[in-house]
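Build me a model from this:
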Amino acid sequence: MGSNQSWVTEFVLVGFQLSAEMEVLLFWIFSLLYIFSLLANGVILGLIRLDLRLHTPMYFFLSHLAVIDMSYASNNVPKMLVNLVNQKRTISFVPCVMQTFLYLGFAATECLVLVVMSYDRYVAICHPLQYTVIMSWRLCTVLAVTSWSCGFFLSLVHAILLLRLPFCGPRKVNHLFCEILSVLKLACADTRLNQMVIFAACMFVLVVPLCLMLVSYMCILWAILKIQSKQGRRKAFSTCSSHLCVVGLFFGIAMLVYMVPDSNQREELEKILSLFHSLFNPMLNPLIYSLRNAQMKASLYRVLQKKPM
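Numbers count the residues shown, from 1 in each chain. Predicted structure coming up:
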């Protein structure tokens with residue numbers, strides 16, 4: 001590098017580049033959605049904690065999903081809201097790397113937790129008589145700890161590889177937050193190793209888990225079709241439909257962002273998709289699970305009626 005080049009100590013988050021009036025409007029809309037997502041996930045956590053009927057493996061993993069969604073949104077949305085009403089949209093280098101680390105960590109962990117939840121549904125429907133033996137609390141704890149550990153280990157690898165890169169300008173991140181692909185575009189060195197690790201991580205936390213879930217649900221569908229009563233088939237499928245909705249939203253968007261070749265025309269679309277991941281997905285998950293889950297609705301009704309749990 002030339003001696004007259006200065007190292008970048010902070011980045012500028014470009015954002016959507018809208019009019020001041022539109023950004024103020026988005027600030028209030030996004031603030032309400034963010035508060036609602038925190039409250040909705042908080043309600044799910046509270047119901048699972050208070051209602052002994054929900055102390056099952058399925059809701060144990062759902063509580064982890066709620067924690068991830070709250071953390072996921074809180075990592076990106078507050079800074080984004082500040083930038084909507086502040087013309088100085090800078091973020092220092094270290095907080096930027098930390099934001100990237102947490103974003104990738106929570107995203108990878110959510111992928112793995114969703115796989116574990118699909119396995120739980122597979123055991124419940126395909127091996128119902130052995131469910132309590134197979135899905136023991138020890139196994140559930142091991143699966144949850146493994147999901148968190150693997151997710152944040154992968155994120156740590158990305159962060160270390162990012163820290164080794166020199167950044168000497170430009171310093172404008174064309175995104176709403178420090179998303180790793182947008183930050184890598186500003187590096188003053190070869191980023192092929194970073195790109196290869198990102199691709200390998202996507203295979204590990206997106207493609208392979210999605211294939212495993214497809215196999216699980218093919219087995220589940222086959223088992224449901226063999227159920228004689230129509231009511232039994234409907235009840236069995238209803239326990240999986242919520243999870244399928246969440247998987248479709250999360251994995252579909254993630255694969256569009258990280259597995260489809262990049263182009264300048266896709267940058268604005270990627271901002272919207274990442275916004276959906278950070279803001280709308282954490283809000284939709286509790287709605288999907290509460291509106292489509294009879295046990296959650298019954299538990300909420302008992303709480304509102306102040307009946308014993």
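
And residue 49, how far from residue 282?
19 Å (Cβ to Cβ, to the nearest Å). In this view, the C-beta of every residue, glycine as well, is placed from N, C-alpha and C.

give me the number of residues near residue 152?
By other Cβ atoms under 10 Å, 18 other residues sit near residue 152.

Can you say which helix or strand has it in it?
Residue 152 is part of helix 137-163 when elements are defined by DSSP states H and E.

in that helix, what's buried?
Across helix 137-163, burial judged by 16 or more other Cβ atoms under 10 Å covers 139-140, 143-144, 147-148, 150-152, 154-155, 157-159, 161-162.

quick one: that helix to chain centroid distance?
14 Å (Cα atoms, centre = their mean, to the nearest Å).

quick one on the thing from earlier: neighbour count: residue 49 and residue 282, which is higher?
Neighbours were counted for residue 49 and for residue 282 using other Cβ under 10 Å; residue 282 has more, 28 against 13.

who touches that one in this structure?
Residues in contact with residue 282 (Cβ atoms under 8 Å, 6 or more residues apart in numbering) are 37, 41, 69-70, 72-73.

Between the residues you listed, identify the one with the most neighbours.
Neighbour max across the contacts of residue 282 (other Cβ under 10 Å) = residue 37, 27 neighbours.

any idea how far residue 176 is from that one?
As judged by Cβ to Cβ, residue 37 and residue 176 stand 16 Å apart.

try residue 219
For residue 219 relative to residue 176 (Cβ to Cβ), the value is 39 Å.

what do you get for residue 99?
Residue 99 is 11 Å from residue 176, by Cβ to Cβ.

who touches both of these two?
residue 76.

These two: which has the busier surroundings?
Taking neighbours as other Cβ under 10 Å, residue 99 and residue 176 compare with residue 176 leading, 25 against 20.

Tell me if I'm right that the more buried one and residue 13 touch.
Yes. Using Cβ atoms under 8 Å, residue 176 and residue 13 qualify as a contacting pair, with a distance of 6.6 Å.

Can you check which residues contact both of those two?
In contact with both residue 176 and residue 13: 80, 83, using Cβ under 8 Å, 6+ apart.

Tell me the one among the buried residues of helix 137-163 nearest to residue 196.
Proximity to residue 196 was ranked across the buried residues of helix 137-163 by Cβ to Cβ; first place goes to residue 161, at 9.8 Å.

Who are the contact partners of that closest one?
Residue 161 touches 193-194, 197, counting by Cβ under 8 Å, 6+ apart.

Just the buried ones from these?
Here, 16+ other Cβ under 10 Å leaves 194, 197 buried among those.

Nearest to residue 125 among the contacts of residue 161?
For the contacts of residue 161, the minimum distance to residue 125 (Cβ to Cβ) is 36.5 Å, reached by residue 197.

host element of the closest residue to residue 163 other than its chain neighbours?
Of all residues not flanking residue 163 in the chain, residue 97 sits nearest, at 6.2 Å (Cβ to Cβ, 6 or more residues apart in numbering). Assessed by DSSP H and E, residue 97 sits inside helix 93-126.

List the buried residues of that helix.
93, 96-97, 99-125.

Then stretch 76-92?
76-77, 79-81, 83-84, 89, 91.

and residue 91, which of the three is it?
strand (DSSP: H, G, I helix; E, B strand; the rest coil).

Would you mind giving the secondary structure of the closest residue to it other than its chain neighbours?
Leaving aside its sequence neighbours, residue 91 sits nearest to residue 11 (Cβ to Cβ, 6+ apart; 5.5 Å). Three-state assignment for residue 11 (three-state DSSP): strand.

ok, the residue lying closest to residue 66 once chain neighbours are set aside - contacts?
Nearest residue to residue 66, sequence neighbours excluded (Cβ to Cβ, 6+ apart): residue 41, at 4.2 Å. Listed by Cβ under 8 Å, 6+ apart, the contact set of residue 41 reads 66-67, 69-70, 282, 285-286.

Wasn't residue 41 part of a helix?
Yes. Counting by three-state DSSP, residue 41 is found in a helix.

Next, work out how far apart it and residue 73 are.
9 Å.

likewise residue 49?
Counting by Cβ to Cβ, the gap from residue 49 to residue 73 is 20 Å.

Same question for the host helix or strand of residue 196: list its buried residues.
Using DSSP H and E, the element containing residue 196 is helix 192-202. Using 16+ other Cβ under 10 Å as the test for burial, helix 192-202 gives 194, 197-198, 201-202.

Looking at those, which is nearest residue 168?
residue 194 (16.6 Å).

Helices - which of the contacts of residue 282 land there?
37, 41, 69-70, 72-73 (DSSP state H).

could you dump the residues you listed to CSV with distance to residue 212?
Below are the ones in helices among the contacts of residue 282 laid out as CSV (distance: Cβ to Cβ, whole Å):
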residue, distance to residue 212
37, 28
41, 25
69, 22
70, 26
72, 22
73, 26
